[in-house]
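**Q** Just the structure for this:
(3 chains)
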Amino acid sequence: MEKENNDKLKIGIYELTGCAGDALLILDCEKELVDIFNAADIQSFLMAKSDNIDEELDIALVEGSVSTEREKEELLDIRKRAKTVVAIGICSCFGGIQAAFLDQKEWEKNFKKVYGDAKMTHTKPVQSKPIDAYIKVDYYLPGCPIGKEQFLSTFNRILRGNPPDLYRFPVCVECKWNENDCLLNKDIPCLGPITRAGCGSICINHNLPCVGCWGLVEEANLTSEFQLLQEKGFDYDFIKKKMANFSGTGIADFLGNLKGDKK
Amino acid sequence: MNGENKHLTHDNPFLPEPARIVRTYYLTEDVKFFQVRIVDMEKALSFNYSPGQFGMISVLGAGDAPFSISSTPSRPGLLEFCIGKAGTVTNALFRMKENSLIGFRGPYGNGFPIEKMKDKDIIIIVGGLGAAPLRSVLLYCLDNRDQFRRVSLLHGAKKPAEMIFREEFFALKQREDLECHLSVDKDDTGKWTENIGVVTTLFSLLEKIDPVNTYALVCGPPVMYKFVIKELVNLNIPKDQILMTLERRMKCGIGKCGHCAIDYIYTCLDGPVFTYWDVIHMRELI
Amino acid sequence: MRVIKLKKDNLFPFLEVISEKADLWAPVKKGDKHVFKVVDDFSKVELNTTRTILPPRKIFLPQTFSMFNISEKGYEEDFSHVTKKILFGIHPCDIHGLLTLDNFFKQDYLDPYYLEARKNTLILGLSCWPDEYCFAKSTNTHIIEEGFDLFFTDLKDFFLVWIGSSKGDDLIRLKPEFFDENLTDKDIQTYIDWQTARDNAYKWSINFTALPDLMELKYRDPLWEKLGDACLACGSCTNVCPTCNCYNIMDKQFLGGKDGKMIRYWDACTLEEYSEVAGGENFRKKRADRLKLWYTHKLQAYISKYGKPSCVGCGRCIVTCPVDINVRTVGKALLGEKEDAFWLRFNKEVTK
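**A** Down below sits the predicted model:
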């Protein structure tokens, strides 16, 4: 039995700077798509529909990081309108690849290198940051892109007022469940131990090392992982770059305070 | 204990029994009272347990969690819980209205050693949410008053509004066969007529005790144990007659999931009631 | 126990006959390691293996499975993980692992999810040869006298087949012509020689008798902090351990909110959230405390109850832990013996 739209929670799905992979994944839930639209009143979802209404919301799902002044304003507006804000995807949660350079000066230098003296006319670019740099975020759903199962379960839980129930352990747990041989033990630089599970250890299942695209796991032992990779012969700067790749703000403190960089 | 634990509701001890929230209301700002009845009437009436045991409540979509049973087996049919807002399951329970369906399984844990406590003096020391398991044993003692000697209740809360079962315990003050002392750390109302001070200040109000024949039952926030136990040991109550109920993470309640393990014991099977001697003897207990 | 002979060539034909009505699980290659898998192609079955990556308990309690379905009608048991199985190629240490789990899942409350799967699985053990990580002789789990339906000792030209149960005997009766009832003196001597050579092949050992007391005496030793500093808290030691039994549950509600499933999945006491209660208090926030719990269970607690450690000497934690936290290095450190390990070299600061 279909409920009237006004009984349902009002949802908005928004995309900031990113690859739109998370929004795409939601659309890719083909079998469940009807259920999703039945369970909630999707008011705004630019990738899926054109008649978007941007009014009061119960829940806003926000993908992507903030990399322009306009996105910043848009985000602040979303927060004002939504009772609950959920960051979806690594860019929204931790800044993603575009937040790999966290040092302001370094960012300015890189920006100049890429864009030269080009004038930005419609908005001012800013250093890319996760959405919680600007607003309060109620829940985080990491992933690159987010996982289908975790999304559906999280979406349902939030609709019913329950917080997400996500795996809080590292990729290694899923990797072992999938009975993979540990790549670190084969001297391959795998970030599984410091990366949040949920992806089903998909890379390692295909014999590729984890690159950390779901962001840091809560208890990531970065010092141990770093030294382990050093012992395996990897270069200090290589490890730093590898760790910084996806984890954005999540790893900033650790990398900023490395003894190895202090003179 | 091997083999004797027969589950009361199912052959499959993991399977919850549908139950209904009959009544629910706020005891304090963030503690709610729930009266629950197993839907199957026959099971509801035959369901038996000991004071101090607990049950697992499940809410579809939120998960399940262990809760002390606050009612007494001497009043069968309805199960009562007093639940503080703590996590996902309790938040979901707080949103549920009367007549909602939940899952229930149990009873689990050792409970208080009622048989040993018979013909002895009983002192019940409650702090905050510790009232949840201790109300069960208090009501049990009162319902079977002739089986116990002196029964005393020392109940402490931070402030009057946070005293759980306040009205119920105030009413108990009228009873002549119960020594009931209530206290608040701080009176922010100006209307509090009872003792003011931490729960240990109530010990001075207790009449002289007969330590060797006394069982002291303690439950409250972790900080409370240290001070209360010191008093009890000073009163010369034997360490194995000082009983406390402890909290641990539990997912199964039947000694299988491992989460409540301490050394080689499982809080859900060998506890949640432990003696002070257990606490000294075992690492990690508190 | 009845012991008979099976010609080498007859093994796969025999497995083919008996697996007609059940899934045959056997060790097969995965990369340069081995895993237990359902096999249709018997040429893939590996006879000369050491440990599989995951222990055989995954066959009884899968990594994740549904315990029951929830609907408006109530709760309905889900035993879809229980099917008729034959587990071939399980080594003595892993059979000991199953016996340890049997004790655990039968004590106090019975766990029907494990016990039903166990009841529906025949155990066909296989002898093995230790590599540099095995230490089953130290745990006395290199020999096995119970817990199997059939046990095959590989003596090069033939198998000695030990019939451990009536169900095992039924399997033999499906193809009695494959077997030879008569053991010659020479056969017996071959077995004795094999056993002596196998026992001598263990490359290292550890004194388990001393460990329970040392766990108690060194409970506050700085060793634990050192281990905790290096531990990646990846849960791998637990996942690969044949006697670990902890699990977690997850309530999976379907969109619409009327029905769902209760999912049970392997948990590990070495993971951060393991001892966290509602409200966020964590009784074992520190990795050192969690490792203490794990090692208390492996080296001390089970001994006090059953007279033997719950470690079966399979060596999986040794080959798996990337930072060398395993029964060997921890055990030797408790005993005060010198050992090389990443966690001993570990430094709290990262330098260039």
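
**Q** Run a quick neighbour tally on the residue lying closest to C:Gly235 once chain neighbours are set aside.
**A** What sits nearest to C:Gly235 in space, not counting adjacent residues and going by C-beta to C-beta, 6 or more residues apart in numbering or on different chains, is C:Ala268, at 3.6 Å. No exception for glycine: its C-beta is placed from N, CA and C like everyone else's. For C:Ala268, the neighbour count with other C-beta atoms under 10 Å in any protein chain shown is 25.

**Q** In this structure C:Ala268 contacts C:Cys246, no?
**A** Yes: between C:Ala268 and C:Cys246 there is a contact under C-beta atoms under 8 Å: 6.5 Å.

**Q** now the residue positioned nearest the centre of chain B, nearest residue through space, not along the chain?
**A** A centroid search over chain B (C-alpha atoms, centre = their mean) returns B:Pro133, at 0.6 Å, as the residue closest to the centre. Nearest non-adjacent residue to B:Pro133, counting by C-beta to C-beta, 6+ apart: B:Ser68, 3.8 Å away.

**Q** Tell me the spacing between that neighbour and B:Leu134.
**A** Computed as C-beta to C-beta, to the nearest Å, the B:Ser68 to B:Leu134 distance reads 9 Å.

**Q** Need the residues touching each of these two.
**A** Common contact partners of B:Ser68 and B:Leu134 (C-beta atoms under 8 Å, 6 or more residues apart in numbering or on different chains): B:Thr245.

**Q** Just say helix, strand or coil for the residue nearest to the centre of chain B.
**A** Look at B:Pro133: counting by DSSP: H, G, I helix; E, B strand; the rest coil, its state is helix.

**Q** How about the contacts made by residue 224?
**A** I'll assume chain A. A:Ser224 touches A:Pro193, C:Asp229, C:Ala230, C:Cys231, C:Leu232, C:Val323, C:Phe346, counting by C-beta under 8 Å, 6+ apart.

**Q** Wait, chain C was what I had in mind.
**A** By C-beta under 8 Å, 6+ apart, the contact set of C:Trp224 is C:Ala288, C:Asp289, C:Leu291, C:Lys292.

**Q** Could you check how far A:Ile164 is from C:Lys305?
**A** Wrong residue type there; residue A:164 is Pro, not Ile. Distance from A:Pro164 to C:Lys305, counting by C-beta to C-beta: 39 Å.

**Q** So between these two, which is more surrounded?
**A** A:Pro164 (18 against 12).

**Q** coming back round to it: the residue nearest to C:Gly235 - that's part of a strand, no?
**A** No: the assignment for C:Ala268 is coil, going by three-state DSSP, so no strand is present there.

**Q** show me where chain B has helices.
**A** Taking DSSP state H as the test, the helices found in chain B are B:41-46, B:88-95, B:114-117, B:131-143, B:166-172, B:222-234, B:267-270, B:276-281.

**Q** could I get those as TSV with mean pLDDT?
**A** Below are the helices of chain B laid out as TSV (pLDDT from 0 to 100):
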stretch	mean pLDDT
helix B:41-46	92
helix B:88-95	94
helix B:114-117	95
helix B:131-143	94
helix B:166-172	90
helix B:222-234	90
helix B:267-270	88
helix B:276-281	88
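
**Q** Ok, which of those comes nearest C:Asn69?
**A** helix B:88-95 (19.6 Å; C-beta to C-beta).

**Q** list the helices and strands the closest one packs on?
**A** Counting contacts by 3 or more C-beta pairs under 8 Å, 6 or more residues apart in numbering or on different chains; DSSP states H and E, helix B:88-95 packs against strand B:31-38, strand B:54-59, strand B:63-68, strand B:79-84.

**Q** angle of it against strand B:79-84?
**A** 110 degrees (axes from the mean of the first three to the mean of the last three C-alpha atoms, to 10 degrees).

**Q** which parts of helix B:88-95 are buried?
**A** Within helix B:88-95, the residues scored as buried using 16 or more other C-beta atoms under 10 Å in any protein chain shown are B:Thr88, B:Val89, B:Thr90, B:Asn91, B:Ala92, B:Leu93, B:Phe94.

**Q** which secondary structure elements does the helix or strand of chain C with the lowest mean pLDDT contact?
**A** Ranked by mean pLDDT, DSSP states H and E, the weakest helix or strand in chain C is helix C:302-306, scoring a mean of 81. The contact analysis (3+ C-beta pairs under 8 Å, 6+ apart) places helix C:302-306 against helix C:92-106, helix C:211-217.

**Q** Can you tell me which of those is packed in deepest?
**A** Highest mean neighbour count among the helices and strands packed on helix C:302-306 (mean count of other C-beta atoms under 10 Å in any protein chain shown): helix C:92-106, with a mean of 22.

**Q** distance of A:Gln43 from chain C?
**A** 18 Å (C-beta to the nearest C-beta, to the nearest Å).

**Q** quick one: that residue is in a strand?
**A** Yes: A:Gln43 forms part of a strand when assessed by three-state DSSP.

**Q** Give me the neighbour count for it.
**A** Counted with other C-beta under 10 Å, A:Gln43 comes out at 23.

**Q** Just the pLDDT for it.
**A** At A:Gln43, the pLDDT value in this model is 90.

**Q** Can you name the residues that contact it?
**A** A:Gln43 sits in contact with A:Lys10, A:Ile11, A:Gly12, A:Asn52, A:Ile53, A:Asp54, A:Glu55, A:Leu57, where contact means C-beta under 8 Å, 6+ apart.

**Q** Separate out the buried members of those residues.
**A** By 16+ other C-beta under 10 Å, the contacts of A:Gln43 give A:Lys10, A:Ile11, A:Gly12, A:Leu57 as buried.

**Q** Pick the one among those closest to chain C.
**A** Compare each of the buried ones among the contacts of A:Gln43 with chain C using C-beta to the nearest C-beta and the shortest gap goes to A:Ile11, at 12.6 Å.

**Q** count of residues packed around the residue nearest to the closest one when sequence neighbours are not counted?
**A** Of all residues not flanking A:Ile11 in the chain, A:Ala40 sits nearest, at 4.6 Å (C-beta to C-beta, 6+ apart). Neighbours of A:Ala40 under the rule other C-beta under 10 Å: 20.

**Q** any idea how far C:Pro309 is from A:Ala40?
**A** To C:Pro309, A:Ala40 is 53 Å away according to C-beta to C-beta.

**Q** what do you get for C:Lys106?
**A** For C:Lys106 relative to C:Pro309 (C-beta to C-beta), the value is 19 Å.

**Q** do the same with A:Asn180
**A** Using C-beta to C-beta, A:Asn180 is found at 28 Å from C:Pro309.

**Q** ok, now A:Phe254?
**A** In terms of C-beta to C-beta, A:Phe254 sits 38 Å off from C:Pro309.

**Q** the more surrounded of those two?
**A** C:Pro309 (26 against 19).

**Q** how about the more buried one, phi and psi?
**A** Here is the backbone geometry of C:Pro309 (degrees, to the nearest 10): phi -70, psi 160.

**Q** That one reaches C:Thr209, doesn't it?
**A** No: between C:Pro309 and C:Thr209 there is no contact under C-beta under 8 Å: 9.6 Å.

**Q** excluding its backbone neighbours, what's nearest A:Leu183?
**A** A:Cys190 (4.1 Å).

**Q** could you list every residue that touches that neighbour?
**A** Counted by C-beta under 8 Å, 6+ apart, A:Cys190 has contacts A:Cys182, A:Leu183, A:Leu184, A:Ile204, A:Pro209, A:Cys210.
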